[in-house]
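S.K.: Sequence and computational prediction follow.
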Amino acid sequence: MIDLYETAYFFRIAVEEAIKCGDIKDINMRNFPSGACGYASELLQRHLWEKGVYTLYISGQYGHGWRAQNHAWLETRDEIVIDITGDQFSNRDPCFSIPVYVGPRKNGFHDMFVTDKPVVYHKNDDPLTSSRKSEERYNAILRHLK
């Protein structure tokens, strides 16, 4: 069994390093972690799947209208959240400043979001392999993973 926190932590570090050194240049990840939660969660979900850990991709919304906040993260089937971009909310409402969170869903932040239907990662309909840019992004992260 892998240590989920350690895996998530080192994956986030690899994302940051890949962006910093220019291996990931696309606009969708430029302001990581802000605005990159969906991409980062999809990439981490694939990485965990390759290690034999099956997760659900969760996305949701807090609030309504133009002030609504969207967020995405992963969860295990027993509702353990794996979130490597929560600190993008350090200056927002709702507030959350933990860069890598692995813990229960009932934490005062993730349970505030109204979530969409969870998405299960499956290699045969992998959205990452349908995009060359996504595949390049994933491989760049792997090169920086320790």
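M.R.: Right, received. Where do you want to start?

S.K.: Which residue ranges of the protein form strands?
M.R.: Here the chain has its strands, by DSSP state E, at 56-62, 69-75, 80-83, 101-104, 114-115, 119-120.

S.K.: tell me how far the fourth one is from the chain's mean position?
M.R.: What it means is strand 101-104. 13 Å (Cα atoms, centre = their mean, to the nearest Å).

S.K.: So which bits of that strand are buried?
M.R.: For strand 101-104, burial by neighbour count (16 or more other Cβ atoms under 10 Å) applies to 101-102. For every residue, glycine as well, the C-beta is placed using N, CA and C.

S.K.: quick revisit: any chance of the strands of the chain in CSV, plus mean pLDDT?
M.R.: Putting the strands of the chain into CSV (pLDDT from 0 to 100) gives the following:
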stretch, mean pLDDT
strand 56-62, 95
strand 69-75, 95
strand 80-83, 97
strand 101-104, 96
strand 114-115, 93
strand 119-120, 86
